[in-house]
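[1] Please find the sequence and the predicted model below.
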Amino acid sequence: MLPDGLSFPTLMAFVAASGVLLITPGPTVLLVASHALTRGSRAALWSVAGVALGDATALAASLGGLGALLAASAALFSAVKLAGAAVLIGLGLGLLRHPPRDLASRAPVSSRLGACGGASGLSLARDAWLVTSLNPKSLLFFVAFVPQFMSKAAPLAPQAVTLGAVFVTMAALNALGYALLADRLGRVGCLERGLRLAGRAGGVGLIGAGVATIAIERP
(Lines give C-alpha, C1' and ligand atoms only; values in the text may rest on other atoms or scores of the structure.)
Protein backbone atom coordinates (compact mmCIF):
# COMPACT_ATOMS: atom_id res chain seq x y z
CA MET A 1 0.00 0.00 0.00
CA LEU A 2 1.39 3.36 -1.02
CA PRO A 3 1.61 6.24 1.48
CA ASP A 4 -0.69 9.25 1.21
CA GLY A 5 0.38 11.65 -1.51
CA LEU A 6 2.14 9.03 -3.63
CA SER A 7 -0.03 7.63 -6.40
CA PHE A 8 0.75 4.56 -8.48
CA PRO A 9 1.23 6.57 -11.72
CA THR A 10 3.65 8.86 -9.88
CA LEU A 11 5.57 5.86 -8.57
CA MET A 12 5.79 4.37 -12.07
CA ALA A 13 7.06 7.70 -13.40
CA PHE A 14 9.72 7.67 -10.67
CA VAL A 15 10.70 4.09 -11.58
CA ALA A 16 10.98 4.99 -15.27
CA ALA A 17 13.07 8.10 -14.60
CA SER A 18 15.31 6.26 -12.14
CA GLY A 19 15.82 3.41 -14.60
CA VAL A 20 17.04 5.77 -17.31
CA LEU A 21 19.44 7.41 -14.87
CA LEU A 22 20.76 4.18 -13.35
CA ILE A 23 21.42 2.31 -16.58
CA THR A 24 24.07 4.86 -17.56
CA PRO A 25 27.39 3.50 -16.20
CA GLY A 26 29.19 5.66 -13.65
CA PRO A 27 32.04 5.20 -11.14
CA THR A 28 30.00 2.80 -9.01
CA VAL A 29 29.16 0.51 -11.92
CA LEU A 30 32.78 0.66 -13.07
CA LEU A 31 33.97 -0.45 -9.64
CA VAL A 32 31.48 -3.32 -9.41
CA ALA A 33 32.27 -4.48 -12.95
CA SER A 34 36.00 -4.37 -12.20
CA HIS A 35 35.51 -6.54 -9.13
CA ALA A 36 33.42 -9.01 -11.13
CA LEU A 37 35.91 -9.18 -14.00
CA THR A 38 38.98 -9.62 -11.87
CA ARG A 39 37.66 -11.50 -8.82
CA GLY A 40 34.45 -13.23 -9.84
CA SER A 41 30.75 -12.83 -9.22
CA ARG A 42 30.78 -13.71 -5.52
CA ALA A 43 33.24 -10.92 -4.82
CA ALA A 44 31.07 -8.55 -6.82
CA LEU A 45 28.06 -9.39 -4.63
CA TRP A 46 29.85 -7.73 -1.72
CA SER A 47 30.30 -4.66 -3.91
CA VAL A 48 26.61 -4.68 -4.82
CA ALA A 49 25.76 -4.71 -1.11
CA GLY A 50 28.06 -1.73 -0.65
CA VAL A 51 26.33 0.08 -3.51
CA ALA A 52 22.91 -0.42 -1.92
CA LEU A 53 24.17 0.83 1.44
CA GLY A 54 25.95 3.76 -0.20
CA ASP A 55 22.86 4.86 -2.12
CA ALA A 56 20.77 4.57 1.04
CA THR A 57 23.34 6.67 2.92
CA ALA A 58 23.51 9.32 0.20
CA LEU A 59 19.74 9.48 -0.14
CA ALA A 60 19.18 9.79 3.60
CA ALA A 61 21.90 12.43 3.91
CA SER A 62 20.53 14.42 0.98
CA LEU A 63 16.93 14.44 2.16
CA GLY A 64 18.16 15.09 5.69
CA GLY A 65 19.67 18.39 4.63
CA LEU A 66 23.25 17.56 3.63
CA GLY A 67 22.49 18.04 -0.06
CA ALA A 68 21.18 21.55 0.49
CA LEU A 69 24.17 22.28 2.72
CA LEU A 70 26.54 21.10 -0.02
CA ALA A 71 24.83 23.40 -2.49
CA ALA A 72 25.23 26.34 -0.12
CA SER A 73 28.76 25.69 1.21
CA ALA A 74 31.64 25.75 -1.26
CA ALA A 75 34.08 24.48 1.38
CA LEU A 76 31.97 21.47 2.32
CA PHE A 77 31.25 20.68 -1.32
CA SER A 78 34.98 20.73 -2.10
CA ALA A 79 35.79 18.53 0.91
CA VAL A 80 33.26 15.86 -0.07
CA LYS A 81 34.31 16.08 -3.71
CA LEU A 82 38.01 15.63 -2.91
CA ALA A 83 37.30 12.77 -0.50
CA GLY A 84 35.31 10.94 -3.17
CA ALA A 85 37.98 11.58 -5.78
CA ALA A 86 40.70 10.31 -3.43
CA VAL A 87 38.80 7.05 -2.88
CA LEU A 88 38.35 6.49 -6.62
CA ILE A 89 41.97 7.27 -7.47
CA GLY A 90 43.23 5.12 -4.59
CA LEU A 91 41.15 2.15 -5.75
CA GLY A 92 42.32 2.66 -9.32
CA LEU A 93 45.96 2.72 -8.28
CA GLY A 94 45.38 -0.45 -6.28
CA LEU A 95 44.12 -2.25 -9.39
CA LEU A 96 47.09 -1.00 -11.41
CA ARG A 97 49.59 -2.10 -8.77
CA HIS A 98 48.01 -5.51 -8.13
CA PRO A 99 46.23 -6.77 -11.26
CA PRO A 100 45.00 -10.39 -11.13
CA ARG A 101 47.80 -12.71 -12.21
CA ASP A 102 45.94 -15.90 -13.04
CA LEU A 103 42.55 -17.57 -13.20
CA ALA A 104 42.77 -18.68 -9.58
CA SER A 105 42.49 -15.04 -8.55
CA ARG A 106 38.88 -15.08 -9.78
CA ALA A 107 37.93 -18.11 -7.68
CA PRO A 108 35.81 -17.04 -4.69
CA VAL A 109 37.07 -18.24 -1.32
CA SER A 110 35.21 -17.95 1.95
CA SER A 111 37.62 -15.62 3.68
CA ARG A 112 39.61 -14.16 0.78
CA LEU A 113 38.04 -13.08 -2.46
CA GLY A 114 40.95 -12.65 -4.81
CA ALA A 115 44.22 -10.97 -5.44
CA CYS A 116 44.68 -7.21 -5.20
CA GLY A 117 46.16 -7.41 -1.75
CA GLY A 118 43.81 -10.19 -0.59
CA ALA A 119 40.81 -7.94 -0.20
CA SER A 120 38.07 -9.38 2.00
CA GLY A 121 34.38 -9.21 1.19
CA LEU A 122 33.79 -6.53 3.80
CA SER A 123 36.55 -4.36 2.36
CA LEU A 124 35.00 -4.66 -1.11
CA ALA A 125 31.62 -3.61 0.31
CA ARG A 126 33.28 -0.74 2.16
CA ASP A 127 34.97 0.52 -1.01
CA ALA A 128 31.70 0.43 -2.96
CA TRP A 129 29.92 2.21 -0.09
CA LEU A 130 32.54 4.97 -0.04
CA VAL A 131 32.48 5.46 -3.82
CA THR A 132 28.67 5.64 -3.83
CA SER A 133 28.06 7.74 -0.74
CA LEU A 134 30.89 10.25 -1.30
CA ASN A 135 29.72 11.30 -4.75
CA PRO A 136 28.71 14.97 -4.37
CA LYS A 137 26.90 14.88 -7.70
CA SER A 138 24.61 12.15 -6.36
CA LEU A 139 23.99 14.02 -3.12
CA LEU A 140 22.90 17.13 -5.01
CA PHE A 141 20.94 15.06 -7.52
CA PHE A 142 18.83 13.39 -4.84
CA VAL A 143 17.85 16.79 -3.45
CA ALA A 144 16.64 17.96 -6.86
CA PHE A 145 15.21 14.66 -8.14
CA VAL A 146 13.30 12.84 -5.41
CA PRO A 147 11.13 15.77 -4.17
CA GLN A 148 9.73 16.17 -7.70
CA PHE A 149 7.69 13.00 -7.10
CA MET A 150 6.48 13.92 -3.61
CA SER A 151 3.26 15.70 -2.69
CA LYS A 152 3.58 18.59 -0.24
CA ALA A 153 -0.06 18.11 0.73
CA ALA A 154 0.73 14.80 2.47
CA PRO A 155 3.32 13.71 5.08
CA LEU A 156 6.72 13.78 3.38
CA ALA A 157 8.60 11.17 5.42
CA PRO A 158 6.56 8.11 4.29
CA GLN A 159 6.84 9.24 0.67
CA ALA A 160 10.59 9.75 0.98
CA VAL A 161 11.09 6.33 2.58
CA THR A 162 9.05 4.61 -0.14
CA LEU A 163 10.80 6.37 -3.01
CA GLY A 164 14.17 5.83 -1.36
CA ALA A 165 13.56 2.12 -0.92
CA VAL A 166 12.51 1.79 -4.56
CA PHE A 167 15.59 3.68 -5.79
CA VAL A 168 18.02 1.71 -3.61
CA THR A 169 16.49 -1.58 -4.77
CA MET A 170 16.75 -0.53 -8.40
CA ALA A 171 20.34 0.65 -7.92
CA ALA A 172 21.32 -2.69 -6.36
CA LEU A 173 19.65 -4.67 -9.16
CA ASN A 174 21.33 -2.45 -11.76
CA ALA A 175 24.75 -3.00 -10.18
CA LEU A 176 24.06 -6.73 -9.94
CA GLY A 177 23.16 -6.86 -13.63
CA TYR A 178 26.41 -5.18 -14.60
CA ALA A 179 28.33 -7.48 -12.24
CA LEU A 180 26.85 -10.64 -13.77
CA LEU A 181 27.51 -9.34 -17.28
CA ALA A 182 31.12 -8.50 -16.41
CA ASP A 183 31.62 -11.88 -14.74
CA ARG A 184 30.26 -13.60 -17.83
CA LEU A 185 32.65 -11.67 -20.05
CA GLY A 186 35.47 -12.59 -17.68
CA ARG A 187 34.63 -16.28 -18.02
CA VAL A 188 34.42 -16.11 -21.80
CA GLY A 189 37.74 -14.32 -22.12
CA CYS A 190 39.39 -16.00 -19.17
CA LEU A 191 42.97 -15.90 -20.40
CA GLU A 192 45.53 -14.68 -17.90
CA ARG A 193 46.59 -11.81 -20.15
CA GLY A 194 42.95 -10.81 -20.57
CA LEU A 195 42.43 -10.70 -16.81
CA ARG A 196 45.49 -8.53 -16.33
CA LEU A 197 44.29 -6.16 -19.03
CA ALA A 198 40.82 -6.04 -17.47
CA GLY A 199 42.34 -5.16 -14.10
CA ARG A 200 44.47 -2.41 -15.60
CA ALA A 201 41.55 -1.05 -17.64
CA GLY A 202 39.42 -0.92 -14.50
CA GLY A 203 42.21 0.86 -12.65
CA VAL A 204 42.59 3.49 -15.37
CA GLY A 205 38.81 3.94 -15.50
CA LEU A 206 38.55 4.50 -11.74
CA ILE A 207 41.41 7.00 -11.81
CA GLY A 208 39.68 8.80 -14.68
CA ALA A 209 36.43 8.86 -12.70
CA GLY A 210 38.33 10.34 -9.75
CA VAL A 211 39.80 13.09 -11.92
CA ALA A 212 36.35 13.78 -13.38
CA THR A 213 34.95 14.06 -9.85
CA ILE A 214 37.49 16.77 -9.06
CA ALA A 215 36.20 18.73 -12.06
CA ILE A 216 32.59 18.75 -10.79
CA GLU A 217 31.44 22.32 -10.21
CA ARG A 218 29.09 23.39 -7.41
CA PRO A 219 25.76 24.57 -8.86
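    Great, that's in hand. Residues are numbered from 1 along each chain as shown.
[2] thought V131 was touching V87?
    Yes - counting by C-beta atoms under 8 Å, V87 is a contact partner of V131 at 5.8 Å. Any C-beta I mention is one placed from the backbone N, CA and C, and that applies to glycine too.
[3] okay, these two: which has more neighbours?
    Neighbours per residue (other C-beta atoms under 10 Å) separate V131 from V87, with V131 holding more: 27 against 23.
[4] Look up how far L31 lies from the more buried one.
    According to C-beta to C-beta, to the nearest Å, V131 and L31 sit 5 Å apart.
[5] what does Y178 give?
    Y178 sits 10 Å away from L31, taking C-beta to C-beta as the criterion.
[6] quick one, which residue of the chain lies the farthest from its center?
    In the chain, the residue that sits farthest from the middle, by C-alpha atoms, centre = their mean, is A153; the gap is 32.7 Å.
[7] For it, list the residues it contacts.
    A153 makes contact with G5, according to C-beta atoms under 8 Å, 6 or more residues apart in numbering.
[8] which secondary element of this structure has the worst mean pLDDT?
    Within the chain, no helix or strand scores below helix 66-72, which has a mean of 61 by mean pLDDT, DSSP states H and E.
[9] Give the residues shared as contacts by V131 and L31.
    L91.
[10] Neighbour count: Y178 and L31, which is higher?
    Shown here are Y178 and L31; by other C-beta under 10 Å, L31 has more neighbours (30 against 22).
[11] Verify the stated contact: the more buried one with G203.
    No - with contacts defined as C-beta under 8 Å, L31 does not count as touching G203, sitting 10.7 Å away.
[12] which element is A212 on?
    Using DSSP states H and E, A212 maps to helix 192-214.
[13] model confidence over whichever strand or helix holds L181, on average?
    According to DSSP H and E, L181 maps onto helix 156-188. Across helix 156-188, pLDDT averages out at 87.
[14] May I see the buried residues of that helix?
    Applying a neighbour-count criterion of 16 or more other C-beta atoms under 10 Å, one finds 159-160, 162-164, 167-168, 170-172, 174-176, 178-180, 182-183, 186 buried in helix 156-188.
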